[in-house]
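K.L.:
I'll drop the sequence and a predicted model, then ask my questions.
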Amino acid sequence: MNFQPLLDEIDEEIRPLLGQGGTVASYIPALARVPAQQFGIALRTCQGGEASAGDAATPFSIQSISKLFTLTLAMRHLGDMLWERIGREPSGNPFNSLVQLESEHGKPRNPFINAGAIAVADRLLSDGDAKAELLALMASLCGEPIGFDAEVAASEAATGYRNYALANFMKSFGKLDNAVEAVLDLYFHQCALRMSCVQLARAAGFLCRDGRHPRGGEADITTERHTRRINALMLTCGTYDAAGDVAFSIGLPCKSGVGGGIVAVVPDQLTLCVWSPALDATGNSLLGRKALELFVAKTGLSVF
Ligand SMILES: NC(=O)CC[C@H](N)C(=O)O
């Protein structure tokens, strides 16, 4: 199927809504200065067909979408042992919340909230040069080099008080093996990966191919079993305390980031990435969600 006319149509419907709501993340200058009036959408089928519209080639800070890729690596390294340190339940709380950690003895609810991703980063660090491994994975998935935005990484470190609090709290429960500074250095860098919608739709391609490499011919990224589990976690936890509403209104596994990107998966069919920097109160892209709702309404594609 040729999705290009559909993506053009969605772009035309979304563009008049730009600037009409939401706020760009402002906790660091590099994100605060991103112009809100941008929208991109890109799609890749599991056979490799691609379509894109709007600002789909503009690189942005992928932020929490990176949690998808570090989780994939950690599941590869640790298998089911990973779940000794990290839960699989939606948190129902904001992504950077501290409240559940105390009563739950430093075990984060899931790998997609900040605490969970910090715990994943700790596990990866114990297994070698995690930054290099992450960059190699992203380059392989995209077929071109992907880099960290040094300014974003430095600002995340300079202002990441809550993330330091989360990491120190987990360390106090004996739930991080590595030094807090080293764990957060990896976490801040993964958040600072810069990619476009086109690159993210490609990179997530293994999630609609039962874990096989998006471009085929190369080693599998992960197993079919892990892929099913990653997609399940995206559906239940990938958009934080909006996950229930996203499942209700979109019905696809999604992973968002405060840079305004959302990756979505239609298992066995395609992966999508939408981007628009203005966020709703839950830290998810307002028009990104709207665009995914339009996509599902127009195609009838959903896991339900
Ligand atoms: N939801 C997000 O994208 C959060 C990422 C952000 N860098 C943070 O750690 O708070």
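P.N.:
Perfect, I can see it now. Residues are numbered from 1 along each chain as shown.

K.L.:
Only C-alpha atoms from now on, for both contacts and neighbour counts.
P.N.:
Noted.

K.L.:
Could you list the contact residues of the stretch 201-304 of the chain toward the ligand?
P.N.:
By the criterion of CA under 6 Å from any ligand atom, the positions of the stretch 201-304 of the chain lying close to the ligand are 257-258.

K.L.:
Strands of the stretch 201-304 of the chain, start to end?
P.N.:
All strands of the stretch 201-304 of the chain, identified by DSSP state E, counting those that start in this stretch, fall at 254-256, 261-266, 270-275, 278-279.

K.L.:
nearest to residue 93, of those?
P.N.:
strand 254-256 (15.0 Å; CA to CA).

K.L.:
which other helices and strands contact the closest one?
P.N.:
In this structure, strand 254-256 makes packing contacts with helix 224-237, strand 261-266, judged by 3 or more CA pairs under 8 Å, 6 or more residues apart in numbering; DSSP states H and E.

K.L.:
Show me how far the last one is from its chain's centre.
P.N.:
The chain centroid and the centroid of strand 261-266 are separated by 8 Å, computed with CA atoms, centre = their mean, to the nearest Å.

K.L.:
Send me that strand as CSV with only the CA atoms.
P.N.:
Extracted C-alpha coordinates of strand 261-266, given in CSV (Å, rounded to 0.1, in the frame of the first residue of the first chain):
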residue,chain,number,x,y,z
GLY,A,261,8.4,12.7,19.3
ILE,A,262,6.2,9.7,19.5
VAL,A,263,7.1,6.3,18.0
ALA,A,264,4.1,3.9,17.3
VAL,A,265,4.0,0.3,16.2
VAL,A,266,1.4,-1.6,14.2
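
K.L.:
Next, the angle strand 270-275 makes with it.
P.N.:
Between strand 261-266 and strand 270-275, the angle formed by their directions is 160 degrees, by axes from the mean of the first three to the mean of the last three CA atoms, to 10 degrees.

K.L.:
average pLDDT for strand 261-266?
P.N.:
For strand 261-266, mean pLDDT is 98.

K.L.:
same for that strand, what does it pack against?
P.N.:
When contacts are defined as 3+ CA pairs under 8 Å, 6+ apart, strand 261-266 sits against helix 197-203, strand 254-256, strand 270-275, helix 286-299.

K.L.:
Select, out of the strands of the stretch 201-304 of the chain, the one closest to residue 228.
P.N.:
Among the strands of the stretch 201-304 of the chain, strand 261-266 sits nearest to residue 228 (CA to CA), with 11.0 Å.

K.L.:
Next up, the contacts around the closest residue to the ligand within the stretch 1-150 of the chain.
P.N.:
The stretch 1-150 of the chain approaches the ligand most closely through residue 64 (3.7 Å), counting by CA to the nearest ligand atom. With contacts taken as CA atoms under 8 Å, 6 or more residues apart in numbering, residue 64 has the following neighbours: 112, 191, 255-258.

K.L.:
Would you convert the helices and strands packed on strand 261-266 into a markdown table that also reports mean neighbour count and mean pLDDT?
P.N.:
As requested, these are exported to a markdown table (neighbours: other CA atoms under 10 Å; pLDDT from 0 to 100):
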| stretch | mean neighbour count | mean pLDDT |
| --- | --- | --- |
| helix 197-203 | 28 | 98 |
| strand 254-256 | 29 | 98 |
| strand 270-275 | 29 | 98 |
| helix 286-299 | 20 | 98 |
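
K.L.:
possible to save these as TSV with distance to residue 245?
P.N.:
As requested, the helices and strands packed on strand 261-266 are arranged in TSV below (distance: least, CA to CA, whole Å):
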stretch	distance to residue 245
helix 197-203	23
strand 254-256	12
strand 270-275	18
helix 286-299	10
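
K.L.:
Deepest-packed of the helices and strands packed on strand 254-256, please.
P.N.:
Of all these, strand 261-266 has the most neighbours on average by mean count of other CA atoms under 10 Å, namely a mean of 29.

K.L.:
What is the strand or helix carrying residue 5 packed up against?
P.N.:
When elements are assigned from DSSP states H and E, residue 5 belongs to helix 4-14. Packed against helix 4-14, as judged by 3+ CA pairs under 8 Å, 6+ apart, are the following elements: strand 40-45, strand 50-54, helix 286-299.

K.L.:
Nearest to residue 214, out of these?
P.N.:
Between residue 214 and the helices and strands packed on helix 4-14, the tightest spacing by CA to CA is seen for strand 40-45, at 9.2 Å.

K.L.:
Residue 258 reaches residue 284, doesn't it?
P.N.:
Yes. Between residue 258 and residue 284 a contact is recorded at 6.4 Å, counting by CA atoms under 8 Å.

K.L.:
how about stretch 84-97 as PDB, C-alpha atoms only?
P.N.:
Extracted in PDB, the C-alpha atoms of stretch 84-97 (Å, rounded to 0.1, in the frame of the first residue of the first chain):
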ATOM      1  CA  GLU A  84      14.400  -8.500  39.300                       C
ATOM      2  CA  ARG A  85      15.200  -4.800  39.400                       C
ATOM      3  CA  ILE A  86      12.400  -3.300  37.300                       C
ATOM      4  CA  GLY A  87       8.600  -3.800  37.300                       C
ATOM      5  CA  ARG A  88       6.100  -4.000  34.400                       C
ATOM      6  CA  GLU A  89       3.200  -2.100  35.700                       C
ATOM      7  CA  PRO A  90       2.000   1.300  34.600                       C
ATOM      8  CA  SER A  91       2.800   3.900  37.200                       C
ATOM      9  CA  GLY A  92      -0.200   6.200  36.800                       C
ATOM     10  CA  ASN A  93       2.200   9.000  37.800                       C
ATOM     11  CA  PRO A  94       4.200  11.600  35.900                       C
ATOM     12  CA  PHE A  95       7.400  10.200  34.300                       C
ATOM     13  CA  ASN A  96       9.700  11.800  36.800                       C
ATOM     14  CA  SER A  97       7.800  11.000  39.900                       C
END
